[in-house]
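Asker: Generate a structure from the sequence data that follows.
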Amino acid sequence: ATAPSASNVLWPDNSTVPHIFFHSLIVDPDRAFSKANRDAAGNAEYMVTLVEFEKILDSLYERNYILVHPHRLAAKDASGVMRWTPLYLPAGKKPLIMSVDDVSYNTQTVGWGFADRLVLDADGHVTNEYTDAAGVQTKGAYDVPTVLDAFVATHPDFSYEGDKGTIALTGYEGVLGYRSSERVYGSNEKTKNEITQAKAVADALTATGWKFADHSYGHRNFTT
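Answerer: Below is the predicted model:
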């Protein structure tokens, strides 16, 4: 539970906390929406662009939202029953949960205007690799985790006690841009190396306020 203080106010109803989610961001709309791209229609329906996401963050911040993890909203009591947890926030702030689905950068997105993967830079910070239409690769903030990290760095009051978002992983070929799926690529040294790199990135994300959720291997329907 968050502790009350002179500057914090009890949020009146945890059931009203909104949740906004994204898929990986489109960096290059020309390629993502190209008629040559078999996923163009899906991209138009389910994705937002990098520019749109940056504008959304500005809008959320202007409306006084603050990121909180869902784990702050409810917990099991001594008898194992889930109950709302009191949430105290800075006066005037409104809680918001943010998540991003998949984050696998699977091969069908390669070359179509998305980031390539999440990597660690020389200082151990999480960044993206991105390859432009000319084949030039750069490192920078090109997807939800890295863009949000940069935003919180300059707007720390957008995050409650360092909370960021939840990355809901699927297992298409692997995670975070690494071909870490033994089901697809077999159990071998190359795959194990990809797993090691993915874990290092996941650890760095966790250490900087991100959490992870299971979105199933491939959007499986658990009711059936």
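Asker: Buried residues, stretch 44-61. List them.
Answerer: Buried residues in stretch 44-61, counted by 16 or more other CB atoms under 10 Å: Met47, Val48, Thr49, Leu50, Phe53, Glu54, Leu57, Leu60. Heads up, the C-betas are built off the backbone N, CA and C, glycines and all.
Asker: Next, the contact list for the residue lying closest to the fourth one once chain neighbours are set aside, please.
Answerer: Sequence neighbours aside, Leu25 is the residue nearest to Leu50 in space, at 4.7 Å (criterion: CB to CB, 6 or more residues apart in numbering). Under the criterion of CB atoms under 8 Å, 6 or more residues apart in numbering, the contact list for Leu25 reads Met47, Val48, Thr49, Leu50, Phe53, Phe114, Ala115, Tyr142, Asp143, Val144, Val147.
Asker: Apply 10 Å and report the result again.
Answerer: By CB atoms under 10 Å, 6 or more residues apart in numbering, the contact set of Leu25 is 32, 47-54, 100, 113-115, 128, 141-147.
Asker: now Tyr185
Answerer: Going by CB under 10 Å, 6+ apart, Tyr185 touches Glu173, Gly174, Arg179, Thr191, Glu194.
Asker: Now neighbour count, distance to Asp123 and secondary structure too, for those residues, in TSV please.
Answerer: Below are those laid out as TSV (neighbours: other CB atoms under 10 Å; distance: CB to CB, whole Å; DSSP: H, G, I helix; E, B strand; the rest coil):
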residue	neighbour count	distance to Asp123	secondary structure
Glu173	19	28	coil
Gly174	25	25	coil
Arg179	20	25	coil
Thr191	19	27	helix
Glu194	23	22	helix
